[in-house]
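>>> sharing a model that was predicted from the sequence below.
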Amino acid sequence: MENKKQIKPILEICNVSKDFSGVYALRNIDMQIFPGMVTAVIGENGAGKSTLMKIISGVHQQYKGNVWLKGEATSFKNPKEAAEKGVVIIHQELNLIPHLSITENLFLGNEITGKSGLLDYAQMHKKAKELLTRLHLNINSRTAINQLRVGQQQMVEIARALLFDSKVLIMDEPTSAISDQEVELLFKIINDLKTRGVAVVYISHKLNELFEIADRYEVLRDGQKVGSGLMMDTNHDQLVKMMVGRDLASVLNKDQHCDGDELLRLENLCLQNPENKRDYLVDGVNFSLHKGEVLGVCGLMGAGRTELLEAIFGLHPKYVSGKIFIENKPIKISNVNDAIKAGLALVPEDRKLQGLIMNMDVEKNTSLACLNKVSRYNFISRKKEKALSRSYINSLNTKVPSPNIEVNKLSGGNQQKVVIAKWLATNPKILLLDEPTRGIDVGAKIEIYKLINDLAKQGMGIVVVSSELPEILAVSDNILVLSESKLTGEFSRSEASEEILMHAALIEKE
Ligand SMILES: Nc1ncnc2c1ncn2[C@@H]1O[C@H](COP(=O)(O)OP(=O)(O)OP(=O)(O)O)[C@@H](O)[C@H]1O
Ligand SMILES: [Mg+2]
């Protein structure tokens, strides 16, 4: 039993239901959120977590049931009003304006003005600087958001939430894109907020994190609440069982491959830093990838993992030097079309910016990179498009109310599955995956590992970049480690362990 006699909830959710055009996302939810505690809200992709958070933070105003804040019924007109009352949300999808500076983004809608009524930039930059220092972000606050890595952008989102004097702070997958050091820092900040009596609501698919940071849990499954309690009274397997409603096979029976012909070879591949010609983001990388091989790439944030994939895929042609061979033929890749023609596909890290057209439906997004496959005489066959997207919805187990729903209406994890489908549909020889399971729930993760294994079995060569070492160890035949833009380790699966990989990831340039 939970012992919460002494503490009164600050936020109470009573019998809340929400539908989108008749399709229920939440049904009869009751939940209590306590001050000075971290409540983990967990559930599979599409379970309704973000929708519930959007209801309590004023994003969705139409719903059934009641939400009480300190005993008063809330009916926030918008997120700004919710924030003013102390309910602040850090969204799962980044909500920053790319060409504006960090400071401008931090104070957007809450600008500081001087006596004359003009914007007080000096004051805003000063506050921004203090916040960035508190978050150990060593960046000038005048830097534009689009100059930052995804992880840094996520830290800016967190910084923005800290500007408010929040009573309830909701974090919807705050750690999906940040490094371990940043996570550690975030947890310090959360603990500090807790001691100040803030109620933190924390959503994450990384269950290990929850055992570290959360006090209580609330589980949603298919829009319904299926359990709640204290973290110290439960364990990993119990939580997973509650989330998915069954026991999960948590291990992947990986097949051994990689004695096939060579598919891809890099010789001294370099990527110059466009901002600073003397600096290299990828520095003299050599490797070869064979048919049926899964090559894992790990390294710390900023080690050059994403940049390596982007360099191969032709996203920075002006700055790349060195040689790329595909099936032993030298090849020049100057743009995405060249890359697709050469049999490459890249599932990018940042799905919002590079992977999907958010206001287009699932069907059209799926066929986007392989229109020739669904067209005849230059006309797109809607029937073929439909069949294509259906087959991937089935094989990836994507939760969509209809294939004609806009992707921005899907849950985060299901959007990721649409990105994967889009690139698989090009039927590549070589698949480059950048953080393929970011935001994906425990059950679907295993599905994706199985998929990687099956594709390799069929002869595809796959490069997987991941910051989760257990993931790298689960899927790879061979593993490369990058540190400060250089290759610092190469291991076969049997030689590698988390410790060995971490050690190589920490090797510094002389
Ligand atoms: N604006 C919308 N229009 C239509 N359906 C929506 C909309 N927003 C969410 N949904 C649907 O509501 C359901 C719950 O989505 P929600 O985003 O709350 O899931 P989630 O638990 O946050 O999942 P994830 O872990 O993948 O982020 C999904 O089926 C989703 O497609
Ligand atoms: Mg979500």
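Happy to help now that I have it. Predicted model only: the values in this text are computed from it and were never measured. Numbers count the residues shown, from 1 in each chain. Ligands and ions are numbered 1, 2, ... in the order given.
>>> helix or strand for the residue of the chain found nearest ligand 2, which one?
Closest approach of the chain to ligand 2 (Cβ to the ion) occurs at S50, with a separation of 3.1 Å. (C-beta placed from N, C-alpha, C; glycine too.) Using DSSP states H and E, S50 falls within helix 49-56.
>>> also N372?
For N372, the host element (DSSP H and E) is helix 371-374.
>>> C14 now?
Using DSSP H and E, C14 falls in strand 11-20.
>>> now that strand: buried residues?
11-13, 16-18 (16 or more other Cβ atoms under 10 Å).
>>> got the domain boundaries for the chain?
11-244, 258-343+464-510 (automatic domain parsing).
>>> list the contacts for the residue sitting furthest away from the middle of the chain?
The C-alpha centroid of the chain is most remote from S116, which lies 42.5 Å away (Cα atoms, centre = their mean). Residues near S116 by Cβ atoms under 8 Å, 6 or more residues apart in numbering: none.
>>> ok, now how distant is the residue nearest the centre of the chain from ligand 1?
Closest residue to the average C-alpha location of the chain: R438 at 3.9 Å, with Cα atoms, centre = their mean. Separation of R438 from ligand 1 (Cβ to the nearest ligand atom, to the nearest Å): 11 Å.
>>> nearest spatial neighbour of that residue, skipping sequence neighbours?
S176 (5.0 Å; Cβ to Cβ, 6 or more residues apart in numbering).
>>> now that neighbour: how far from ligand 1?
9 Å.
>>> that residue contacts D441, doesn't it?
No. Taking contacts as Cβ atoms under 8 Å, S176 lies outside contact range of D441: 11.8 Å.
>>> who touches both of the two?
Joint contacts of S176 and D441 (Cβ under 8 Å, 6+ apart) are H205.
>>> follow-up on the earlier one: was I right to think the residue of the chain closest to ligand 2 contacts D172?
Yes. S50 lies in contact with D172 (Cβ under 8 Å); the separation is 5.6 Å.
>>> so who does the spatially closest residue to F491 that is not a sequence neighbour touch?
Leaving aside its sequence neighbours, F491 sits nearest to I479 (Cβ to Cβ, 6+ apart; 4.9 Å). By Cβ under 8 Å, 6+ apart, I479 lies in contact with 295-298, 472-473, 489-493, 496, 501.
>>> which bits of the stretch 351-500 of the chain sit near ligand 2?
411-412 (Cβ under 5 Å from the ion).
>>> now the helices for the stretch 351-500 of the chain?
Along the stretch 351-500 of the chain, counting by DSSP state H, counting those that start in this stretch, helices occupy 362-367, 371-374, 382-396, 412-424, 442-457, 469-475, 498-505.
>>> and those helices, which one is worst for confidence?
Of all the helices of the stretch 351-500 of the chain, the minimum mean pLDDT falls on helix 371-374 (a mean of 80).
>>> and that one, what does it pack onto?
Packing contacts for helix 371-374, counted by 3 or more Cβ pairs under 8 Å, 6 or more residues apart in numbering; DSSP states H and E, involve helix 382-396.
>>> could you rerun that using 10 Å?
helix 362-367, strand 379-380, helix 382-396 (3 or more Cβ pairs under 10 Å, 6 or more residues apart in numbering; DSSP states H and E).
>>> what residues sit buried inside that helix?
Result for helix 371-374 [16+ other Cβ under 10 Å]: buried residues V374.
>>> could you export it as CSV, CA atoms only?
Output of helix 371-374 as CSV, limited to C-alpha atoms (Å, rounded to 0.1, in the frame of the first residue of the first chain):
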residue,chain,number,x,y,z
LEU,A,371,7.7,7.3,-55.3
ASN,A,372,9.0,5.3,-58.3
LYS,A,373,7.8,2.1,-56.6
VAL,A,374,4.3,3.3,-56.2
